[in-house]
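Participant: Here is the input, now give the coordinates:
(2 chains)
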Protein chains: 2
Amino acid sequence: MNIKRLSTADAGFDQQLKDLLAFETAQDDQIDLVVANILRDVKNRGDVAVLEYTKKFDHLDVSGLSQLEIPKPELQAALDNLPPAQRDALKQAAERVRVYHEKQLMSSWSYTENDGTLLGQQVTSLDRVGLYVPGGKAAYPSSVLMNAIPAKVAGVQELIMVVPTPNGEKNQLVMAAAAVCGVDRVFCIGGAQAVAALAYGTETVPQVDKIVGPGNAYVAAAKRRVFGVVGIDMVAGPSEILVICDGKTNPDWIAMDLFSQAEHDELAQAILLSPDADFLDKVAASANRLVEEMPRKEIIRTSLESRGALIKVKDLEEAARIANYIAPEHLELSIDDPLAFSKKIKHAGAIFMGRDTCEALGDYCAGPNHVLPTSRTARFSSPLGVYDFQKRSSLIMVSPEGAQTLGKVAATLAYGEGLQAHAHSAEYRLKP
Amino acid sequence: MNIKRLSTADAGFDQQLKDLLAFETAQDDQIDLVVANILRDVKNRGDVAVLEYTKKFDHLDVSGLSQLEIPKPELQAALDNLPPAQRDALKQAAERVRVYHEKQLMSSWSYTENDGTLLGQQVTSLDRVGLYVPGGKAAYPSSVLMNAIPAKVAGVQELIMVVPTPNGEKNQLVMAAAAVCGVDRVFCIGGAQAVAALAYGTETVPQVDKIVGPGNAYVAAAKRRVFGVVGIDMVAGPSEILVICDGKTNPDWIAMDLFSQAEHDELAQAILLSPDADFLDKVAASANRLVEEMPRKEIIRTSLESRGALIKVKDLEEAARIANYIAPEHLELSIDDPLAFSKKIKHAGAIFMGRDTCEALGDYCAGPNHVLPTSRTARFSSPLGVYDFQKRSSLIMVSPEGAQTLGKVAATLAYGEGLQAHAHSAEYRLKP
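Facilitator: Residues are numbered from 1 along each chain as shown, chains lettered A, B, ... in the order given. The predicted structure follows:
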């Protein structure tokens, strides 16, 4: 396996790094056109259109959309029928995710000024949320947990899951995860037609206020288009890991950590930074040896050879600077005193600290969310959280006394902007 | 003036309300195409492209983009040269906005579990933010304050403002507002080319991490397209106010409050709900009388006749239900004990409580932000705030002991998802 080797000492390293990270997220005009038509069609024709697309794409021929709803007892049965070890693992993971996310709950606040004017912020939850879950190979029960639990912790009243079931094949683990999280309703629909049903509502599917969850290019294009009608989460790019290691961790461990990212898909990106060139050699050797025993070795190989890199850095300070430039989705700090080092990190989705903290623990059960900003978007965005299902309203109650001082300031500025009704409205409250 | 009169008692009211609120935010394909070309061009050719578009659209012919940067002393001079009353009003407003927004600052947190595992969230600010300010008639200094101050409070290191100056005409109030807020750099560029320069960076304009601020349809389309490369704020629709009044406020005051929304533009929406039919008559009479003395009477008339409404409700309870459906940008509660009533409001951008609290006070100087969710998006989004310029990284430091329990859970779930490298990575940390 030929993983790219770079060194920050090389002339042209900055450009090499830029090229390595480059990932064209150009919108596909063809997909966009198909999606626009599906959205319009479902908006206009509701259930009938959703049924037609489901017949066409998922080969499911039913006479009414309600037949595609999975009754709650069926979800519970899926959970009950899991092998005990799997069921326990799912429940333990859900419980840890819930406990962590409860710390994210925002509260309302207000303060009163000397003249009696009250200012503040009222926090409320979204009423109804749609959760998209992909069908087929990318159907991950952990993803159901990570999207559903923050919504429920926030107080969302109704959580509606959609999941395509081509040819009627249902994923029992996904259904079990829905039961664990208390998902309220599940419809076996997918693609742009499911996004449209959630965004506009149909006779059977209620309109939601926000749609979250991963999906293919059609789902992503549909979410982008309905943004504004409903809220959406980030449109995610391929998953990434950046490992910073001082060279003192078992190289097999680090190689496997890189694999755990690379096995997601061919476009996933795994990069290792170390000041120890010998260690980079050792990790390369471990990777070559270990890849042979991996069931997903072809994906791992393609990912690491095309988008991976082992990078020699001058020191850990330089590694921190590069990490902040990359703003990785996952950052593993396999070094001494990682907590102190983490203060140097400004941009990362999640920071995994210490040699025992492999990213996989965070993917499933550590507690924090595994839906994280990709493709350098950690420069400006955050992990999915309870805060994505809460929102704020400003509170303003100006006292009669406060209206005298504020009214004059507002009127002066309003006249400056040529907005006389604004000025008059403020001046009406002034006492003669 | 013929403002629509509705009553919730009428058959078909729900549909009438829906029609009243309907606002087609369809993306204009022609604009989108023009914008896509400008974005691509600026991305590829940088400064040269920006200069060409600025020459074409703003009739400014300069040889280098640095000539379009306004030096800081010129901003300060604009502030110093304002009439004292205006300068004082601007400074007082800025100070109040700053104090309110400081309460929004998020802090990092973490907790340690019994086995020594640490979990938490590290909060950091964005590095660099772009602020779009429209030129011409919609150039509002208050908008500079409301966008710039939260960014600065959050700790954004560099705030870069762009503002088109067609034919070289600079708005002194906007420049003064930039000086008050400590905006770091100002470029006289606008349109999709300015958005592109901020999103991709050019030789002269640094790449930012997020772009905020209002703009025309081209700016909105450009922001929508660069979303993902950089963060953006909401794409705003026309401004709206919903007033709930028990009939005991001076009808002239309420009419003027409706005007203060309607005068923004013909598409602005002002709606009044009251259980008192006589009061609705009085407000209609006030509006007819007062509109004649308004400099912007044509805009007010068009807005109120085409999109405004006076609605008779059964009681205030019903008014609260309608308000939650509308999820208005601005909600005025001109009633007794508005603070108690505000608990019934789930969806609104800002809630103005009491007869003295006209919306205009909030637009300029009460303290809370005037950038608010429009077109029912308050169902899922919040006022612009400091939190829009901060972000979170998850912190995960699993102790050797914690890795034993979490490793087993993670491995079980990873095998269930067919991700063997994830499982191995967790199992490597298990002690034999």
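Participant: Please report phi then psi for the closest residue to A:Pro141 other than its chain neighbours.
Facilitator: Spatial nearest neighbour of A:Pro141, excluding adjacent residues (CB to CB, 6 or more residues apart in numbering or on different chains): A:Ala177 at 3.7 Å. Where C-beta positions appear, they are placed from N, C-alpha and C, glycine not excepted. A:Ala177 adopts backbone torsions of phi -60, psi -40, taken as degrees, to the nearest 10.
Participant: so what's A:Phe341 scoring on pLDDT?
Facilitator: For A:Phe341, the model assigns a pLDDT of 98.
Participant: Identify each buried residue in the helix or strand hosting it, please.
Facilitator: Here A:Phe341 is covered by helix A:338-342, with elements defined by DSSP states H and E. Using 16 or more other CB atoms under 10 Å in any protein chain shown as the test for burial, helix A:338-342 gives A:Pro338, A:Phe341, A:Ser342.
Participant: Contacts only, for A:Lys282.
Facilitator: Each residue near A:Lys282 by CB atoms under 8 Å, 6 or more residues apart in numbering or on different chains is listed here: A:Pro251.
Participant: And chain B, is the helix holding A:Phe341 touching that?
Facilitator: Yes: counting by CB under 8 Å from any CB of the partner chain, chain B is contacted by helix A:338-342 at A:Pro338, A:Leu339, A:Ser342.
Participant: that older thread, I'd say the residue nearest to A:Pro141 and A:Lys91 touch.
Facilitator: No: using CB atoms under 8 Å, A:Ala177 is not in contact with A:Lys91, being 10.2 Å away.
Participant: Show me which of the two is the more surrounded one.
Facilitator: A:Ala177 (32 against 15; other CB atoms under 10 Å in any protein chain shown).
Participant: which residues does that one contact?
Facilitator: A:Leu90, A:Ala94, A:Pro141, A:Ser142, A:Val144, A:Leu145, A:Ala148.
Participant: residue ranges for the helices of the stretch 1-150 of chain A, please.
Facilitator: A:13-21, A:29-45, A:47-58, A:72-80, A:84-102, A:141-154 (DSSP state H, counting those that start in this stretch).
Participant: swap in the stretch 301-432 of chain A?
Facilitator: A:316-326, A:338-342, A:359-364, A:400-416, A:420-428.
Participant: Check which residues of the fourth one are buried.
Facilitator: Yep, that's helix A:400-416 we're talking about. Buried, per 16+ other CB under 10 Å, within helix A:400-416: A:402-403, A:405-416.
Participant: Report the angle between that helix and helix A:420-428.
Facilitator: 160 degrees (axes from the mean of the first three to the mean of the last three CA atoms, to 10 degrees).
Participant: Count the neighbours of the residue in the stretch 51-200 of chain A that chain B sits nearest to for me.
Facilitator: Ranked by CB to the nearest CB, the top residue of the stretch 51-200 of chain A for proximity to chain B is A:Ala89, at 3.9 Å. Neighbours of A:Ala89 under the rule other CB under 10 Å: 24.
Participant: leaving aside the residues next to it on the chain, what's closest to it?
Facilitator: B:Thr412 (3.9 Å).
Participant: Wait, that neighbour touches A:Arg87, no?
Facilitator: No: if you go by CB under 8 Å, B:Thr412 and A:Arg87 don't touch, sitting 9.8 Å apart.
Participant: show me where the stretch 151-300 of chain A has strands.
Facilitator: For the stretch 151-300 of chain A, the strands defined by DSSP state E, counting those that start in this stretch occupy A:158-162, A:185-187, A:210-212, A:231-232, A:240-245, A:269-274.
Participant: Which among those strands is found nearest to B:Leu39?
Facilitator: strand A:231-232 (21.2 Å; CB to CB).
Participant: wait, A:Ala9 sits on A:Glu318?
Facilitator: No: assessed by CB under 8 Å, A:Ala9 is found out of contact with A:Glu318, at 10.0 Å.
Participant: which of these two has more neighbours?
Facilitator: Shown here are A:Ala9 and A:Glu318; by other CB under 10 Å, A:Glu318 has more neighbours (15 against 10).
Participant: so what's that one up against?
Facilitator: A:Thr8, A:Pro275.
Participant: list the contacts for A:Tyr387?
Facilitator: A:Gln104, A:Met106, A:Ala154, B:Tyr387.
Participant: Turn the residues you listed into a markdown table, columns for pLDDT.
Facilitator: Below are those laid out as a markdown table (pLDDT from 0 to 100):
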| residue | pLDDT |
| --- | --- |
| A:Gln104 | 98 |
| A:Met106 | 96 |
| A:Ala154 | 98 |
| B:Tyr387 | 98 |
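Participant: quick one: which of the residues you listed has the most company?
Facilitator: Counting neighbours by other CB under 10 Å, A:Ala154 comes out on top of the contacts of A:Tyr387 with 23 neighbours.
Participant: pretty sure that one contacts A:Val386?
Facilitator: Yes: the criterion here is CB under 8 Å, and A:Ala154 meets it with A:Val386 at 4.7 Å.
Participant: Give me the common contacts of those two.
Facilitator: When contacts are counted by CB under 8 Å, 6+ apart, A:Ala154 and A:Val386 are jointly contacted by A:Leu105.
Participant: Now do the contacts for A:Thr357.
Facilitator: Contacts of A:Thr357 (CB under 8 Å, 6+ apart): A:Glu332, A:Ala366, B:Ile396, B:Met397, B:Val398, B:Ala403.
Participant: what's the neighbour count on the closest residue to it other than its chain neighbours?
Facilitator: Excluding its sequence neighbours, the residue lying closest to A:Thr357 (CB to CB, 6+ apart) is B:Val398, at 4.3 Å. For B:Val398, the number of neighbouring residues by other CB under 10 Å comes to 28.
Participant: what pLDDT does B:Val398 get?
Facilitator: Per-residue confidence (pLDDT) for B:Val398: 98.
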